[in-house]
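> sharing a sequence plus its predicted fold:
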Amino acid sequence: MIAPSEHPDFDAHAAVCFLHDARTGARAIVALHRVDPTGTHPSVGGCRMRDYETTEEALGDVLRLSRGMSSKCAVTGLPFGGAKAVVLGVPKPAARPCVLDAVAGFVNSFGGRFRTGVDVGLSASDVEAMRTATPWMVGTGLIRPDALTADGVFATLKRAVRHRLGRDDLGGTTVGVQGLGKVGLRLARLLLDDGARVLGGDVDRAANEEAAGMGVEIVDPASLIGLDIEVFAPCALGGVIGPDTVGAIRASVIAGSANNQLATADLGDALHAKGIFYVPDYLANAGGLIAVAMQIEGHDEAWAHSRAAGLADRLDEIVATARSLDISIAAAAGRLAAERLAS
Ligand SMILES: NC(=O)c1ccc[n+]([C@@H]2O[C@H](COP(=O)([O-])OP(=O)(O)OC[C@H]3O[C@@H](n4cnc5c(N)ncnc54)[C@H](O)[C@@H]3O)[C@@H](O)[C@H]2O)c1
C-alpha cells in the first residue's frame, strides 16, 4: 500500500493513523486534516463504516472526507479542525459489538483531540454502544446531527431556488432526492411540507417504502440525476457528479447532503458553465457539524437552529463573491474556506 503522504488526496494532513486490532480483526483509519496547535479545540468528523474494495480506497475516502470537514468548519466559522474515521468492512452482526469496541478504543487513544460520531454505516445505537468505551463520541446531544443536516440542506436549497429560479417557496417545484436514509427522508418530508413534488430513490427497499408512504414518488435512484427535475438533492454517497454524469444533468439547482458530491473539484466550474446553481456540499450539509458544536461548546437549541438556518445567509455571501469575481459558486466557496484555513 502507498504511504498516505503519496496518495493523490493527501493535503498535508496533520496525522493519518491506522488501527489493526489483532483480537477482533477490526481495521480503521483516522485522518486529522487540521489540528488546533493550541489544543483548545478538537478535530471533528464522523465515523463511516463500509465494505471498501481496497485499503487505498478507504484511505482516499478518509483523506477527502477529513479535508471536507476542515472546509465545513471554515465556511461555517467554527473553530474545529477537520477529521474523519473510516472502518474497513461491515462486520457480521455477532462480531459488530467487538469491532465497535475496538474502534472506540482507537478513538479513545486520541485523548479527546479527535471527536467522532455517526456517519454512513453507523447508527445512533452504535454510537451509544461506543460511548461506553470512550467519552469522545459526539452527536448524542439534544439535537440529532442528521436532523440538523436536513434542516441546513433545506435552508440552502430554498435559497438556491430563490437565486436561480426566482421562487420564494417550493410550491410545484420538482425535486429529486437520491438516498432516502436519515437525512434524505427528513429532507423529503420538509420539501413535501413546503409544497414541492418529490421524486426519490434508494437502493434499500425499506427506505423506498417508508418514503412512498410519505408521498415521495419512487424512481430508480441511478436515473434521478438525468431526470427532468428542477432540483437534484444527492443524499447518498459521494462522487455522484462525475465527468461522465455532468452532461446528463437537467436540474437547475443541486443541493444535497452527500459529502464530496463532485468526483473532481473542477466539476464545480463545469456545472457553473452549464448554468447549474451548485450549493457546495460542505456548506449545504454543515448542520450536522453545528449539532456537534452545540454539544461540545454547550450552546442551546436556539443557537443550533439559528446557525443551521443561517447557512442560507452564508450562501448569499458566497454568491456575492462569485458574482463580483465572475467565478463559480464552488470556486468562491473554495476561496473562502482556503482563506479561513490559512488564517
Ligand atoms: N447524518 C449526518 O449528520 C450527515 C452530516 C453531513 C453529511 N452527511 C452525508 O449525507 C449522506 C447521507 O447521510 P445519512 O446520515 O442519511 O446516511 P444513511 O446511511 O442514513 O443514508 C444513506 C442512504 O443512501 C442509500 N444509498 C446508498 N447508496 C446509494 C445509491 N447508490 N443510490 C441511492 N441510495 C443509496 C442507503 O441505502 C441509505 O438509505 C452521506 O453522504 C453522509 O456522509 C450526513
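Yep, it's here.

> which residues are in contact with the strand or helix carrying A188?
In this assignment (DSSP states H and E), A188 forms part of helix 182-193. Contact with helix 182-193 is made by 144, 146-147, 149-151, 153-154, 157, 170, 175, 177-178, 180, 198, 200, 202, 207, 210-211, 214-216, 233, 235-236, 256-257, 285, as judged by Cβ atoms under 8 Å, 6 or more residues apart in numbering. Every residue, glycine included, has its C-beta placed from N, CA and C.

> next SSE downstream of that helix?
Under the assignment DSSP H and E, the closest C-terminal helix or strand after helix 182-193 is strand 197-201.

> list of residues touching that next one?
Outside strand 197-201, the residues that reach it (Cβ under 8 Å, 6+ apart) are 172-178, 180, 184, 188, 191-192, 208, 211, 215-224, 227, 229.

> for the helix holding A188, which positions count as buried?
Neighbour counts over helix 182-193 (16 or more other Cβ atoms under 10 Å) mark K182, V183, G184, L185, R186, L187, A188, R189, L190, L191, L192 as buried.

> report pLDDT for the residue of the stretch 101-250 of the chain found nearest the ligand.
The nearest approach of the stretch 101-250 of the chain to the ligand comes at G181, 1.8 Å away (Cβ to the nearest ligand atom). Per-residue confidence for G181 comes out at a pLDDT of 94.

> what does the stretch 1-150 of the chain have sitting close to the ligand?
D119, V120, P145, D146, T149 (Cβ under 6 Å from any ligand atom).

> just checking, next helix/strand downstream of whichever strand or helix holds C17?
For C17, the host element (DSSP H and E) is strand 15-20. For strand 15-20, the following helix or strand on the C-terminal side (DSSP H and E) is strand 27-32.

> now that following strand, how far from the centre of its chain.
Strand 27-32 has its C-alpha centroid displaced from the chain centroid by 17 Å (Cα atoms, centre = their mean, to the nearest Å).

> use 97 as the first number from now on
Fine by me, first position is 97 from now on; the one you just mentioned is strand 123-128.

> which residues sit against it?
With contact meaning Cβ under 8 Å, 6+ apart, strand 123-128 is reached by 100, 109-117, 139, 151, 154-155, 158-159, 161-162, 177-185, 198-199, 202-203, 206, 209-210, 212.

> and those residues, which are buried?
If we count by 16+ other Cβ under 10 Å, the contacts of strand 123-128 have these buried: 100, 109-112, 115, 117, 139, 154-155, 158-159, 161-162, 177-185, 198-199, 202-203, 206, 209-210, 212.

> count the neighbours of the closest residue to G371 other than its chain neighbours for me.
Leaving aside its sequence neighbours, G371 sits nearest to S348 (Cβ to Cβ, 6 or more residues apart in numbering; 7.1 Å). Residues near S348, counting by other Cβ atoms under 10 Å, number 18.

> now swap in G335 and tell me
Residue neighbour count, defined by other Cβ under 10 Å, stands at 16 for G335.

> can you give me the helices in the stretch 247-396 of the chain?
Ranges of helices within the stretch 247-396 of the chain are 278-289, 301-310, 363-369, 377-380, 383-393, based on DSSP state H, counting those that start in this stretch.

> other SSEs contacting the shortest one?
Applying 3 or more Cβ pairs under 8 Å, 6 or more residues apart in numbering; DSSP states H and E, one finds that helix 377-380 makes contact with helix 151-172, helix 241-261, helix 407-421, helix 425-438.

> the ones you listed into TSV, with extra columns for distance to I392 and mean pLDDT?
Below are those laid out as TSV (distance: least, Cβ to Cβ, whole Å; pLDDT from 0 to 100):
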stretch	distance to I392	mean pLDDT
helix 151-172	12	95
helix 241-261	12	97
helix 407-421	19	97
helix 425-438	19	93
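
> in the stretch 297-439 of the chain, what spans have low per-residue confidence?
Nowhere does the stretch 297-439 of the chain drop to pLDDT under 70.

> quick one: name the residues of it near the ligand.
So the stretch 297-439 of the chain meets the ligand at 297-300, 303, 317, 331-333, 353-355, 381, 384 (Cβ under 6 Å from any ligand atom).

> how far away is the residue lying closest to D396 once chain neighbours are set aside from L407?
Spatial nearest neighbour of D396, excluding adjacent residues (Cβ to Cβ, 6+ apart): M390 at 7.6 Å. Taking Cβ to Cβ, to the nearest Å as the criterion, M390 is separated from L407 by 14 Å.
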